[in-house]
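**Q** Sequence and predicted structure are below.
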Amino acid sequence: MSGTRTSDAAALLDAARGGDRVALARLLTWVERGGDLCRSVVSLAYATPGASYTVGITGSPGAGKSTLTDRVIGVGRTRGFDGPGAVAVIAIDPTSPFSGGAILGDRVRMQGHATDDGVFIRSMATKGHLGGLALAVPDAIRVLSAVGMPIVIVETVGVGQQEVEVAAAADTTVVVVNPGWGDAVQANKAGLLEIADIFVINKADRPGARETKRDLELMLDLSAPGNWRPPIVSTVAQTGEGIDELWAAISDHRRHLIDGGELEAIQRRRLERELRQILAVRVDARVARATDSGRVASMVEAMLAGKLDPYAAADRLLGEALGGASDPGPDGS
Ligand SMILES: Nc1nc2c(ncn2[C@@H]2O[C@H](COP(=O)(O)OP(=O)(O)O)[C@@H](O)[C@H]2O)c(=O)[nH]1
Ligand SMILES: [Mg+2]
């Protein structure tokens, strides 16, 4: 990593801390791309940790997450957790990695705060970060935290394992469902029941909200009891109905985590998961480099000739991969 890059990153970070949104946007672009620049930003951000609280908002496409986020930004700005503060939003749509229509829609739906410089909204893809969202999101949160954002909201489409991983980066995870047949069941199948700290039934202006609430309560009754039972809040994001209750639920959950010492435990687990992910990505990258097709083909010949078994071949390749190879970038690049 060159010294120039480190000083560039330091200057940008200083500017971003002073409220320069262009500098902040550039830092996040570096994070998004991965590689050496990402590494220098992350290492600086790491040395000056902030105290941001992260709220994840997840659910199916069209559930109203962006509309809801826009409302939550409003409450965060006017009341915050301990008074008004800045709010940052990262909007992720893993299904359209190259900023498709969905993200454009997100931006439109969060226009309510377009002129407020206490609000920073960023859509994110994972173009170059080989660690994927599982590393890019925590890195981005770390940068936002280091520049002094007290509240970070991460909006993500909750449809698969990757989104469950993204939710792991949030302190409080809000799962959004809609009234109507089977939505709660779908959320359950997608593994969202386990990650939910709070359920929101958005579009409660539509028929079936009560039934959906009953379905969720039933599923919660059947799931393993913990020391926090996710509350279920009904909202109409378009009008703002239920948003105060949602903010109260988020604040309660945060209080619960802090008072029980749970927040610290979560942060420990998160760092451990992140470290393991970085190791896995690096080992993968080294193995890929050491196992070019010629090398593998010659091993296969040796196996066919009865001179080598596949386990011994793997041992040898692994030794070559992890032996003297130079240190790759933070994401294996
Ligand atoms: N009827 C109704 N429509 C809503 C509500 N909240 C959002 N919508 C609409 O649902 C659509 C999808 O909203 P959006 O926030 O983009 O959903 P996302 O894909 O989950 O981010 C938009 O047309 C919103 O105007 C609500 O509470 N009631
Ligand atoms: Mg959206």
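**A** Noted; the coordinates are in hand. Ligands and ions are numbered 1, 2, ... in the order given.

**Q** I'd assumed residue 49 was in contact with residue 145.
**A** Yes: if you go by CB atoms under 8 Å, residue 145 and residue 49 touch, sitting 6.5 Å apart. Any C-beta I mention is one placed from the backbone N, CA and C, and that applies to glycine too.

**Q** quick one: which of the two has more around it?
**A** Ranked by neighbour count (other CB atoms under 10 Å), residue 145 and residue 49 place residue 145 first, with 21 against 11.

**Q** And the one helix or strand residue 254 maps to, what does it pack against?
**A** Taking DSSP states H and E as the criterion, residue 254 maps to helix 243-259. Secondary-structure packing of helix 243-259 (3 or more CB pairs under 8 Å, 6 or more residues apart in numbering; DSSP states H and E): helix 65-78, strand 172-177, strand 198-202, strand 232-235, helix 262-290.

**Q** To ligand 2, which of the ones you listed lies closest?
**A** helix 65-78 (3.4 Å; CB to the ion).

**Q** got the angle for the closest one vs strand 172-177?
**A** Per axes from the mean of the first three to the mean of the last three CA atoms, to 10 degrees, the angle that helix 65-78 makes with strand 172-177 is 140 degrees.

**Q** Give the buried residues for helix 65-78.
**A** By neighbour count on 16 or more other CB atoms under 10 Å, the buried set for helix 65-78 is 65-77.

**Q** restrict the residues you listed to those near ligand 1?
**A** Among the buried residues of helix 65-78, the ones lying close to ligand 1 by the criterion of CB under 6 Å from any ligand atom are 65-67.

**Q** show me where the stretch 51-200 of the chain has strands.
**A** In the stretch 51-200 of the chain, strands defined by DSSP state E, counting those that start in this stretch lie at 53-59, 87-92, 119-124, 151-157, 172-177, 198-202, listed in chain order.

**Q** Relative to ligand 1, which of the ones you listed is closest?
**A** strand 198-202 (4.9 Å; CB to the nearest ligand atom).

**Q** Contacts (any at all) between ligand 1 and the next helix or strand after that closest one?
**A** Helices and strands here follow DSSP H and E; after strand 198-202, the next one along the chain is helix 209-222. No: on the criterion CB under 6 Å from any ligand atom, helix 209-222 is out of touch with ligand 1, staying 10.1 Å away.

**Q** Show me what helix 209-222 is packed up against.
**A** Going by 3+ CB pairs under 8 Å, 6+ apart, helix 209-222 lies up against helix 183-189, strand 198-202, strand 232-235.

**Q** now these in TSV, with mean pLDDT and distance to ligand 1?
**A** Listed next are the helices and strands packed on helix 209-222 as TSV, based on pLDDT from 0 to 100; distance: least, CB to the nearest ligand atom, whole Å:
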stretch	mean pLDDT	distance to ligand 1
helix 183-189	75	12
strand 198-202	96	5
strand 232-235	98	6
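
**Q** I'd like the ones you listed as JSON lines, with mean neighbour count appended.
**A** Below are the helices and strands packed on helix 209-222 laid out as JSON lines (neighbours: other CB atoms under 10 Å):
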{"stretch": "helix 183-189", "mean neighbour count": "20"}
{"stretch": "strand 198-202", "mean neighbour count": "26"}
{"stretch": "strand 232-235", "mean neighbour count": "22"}
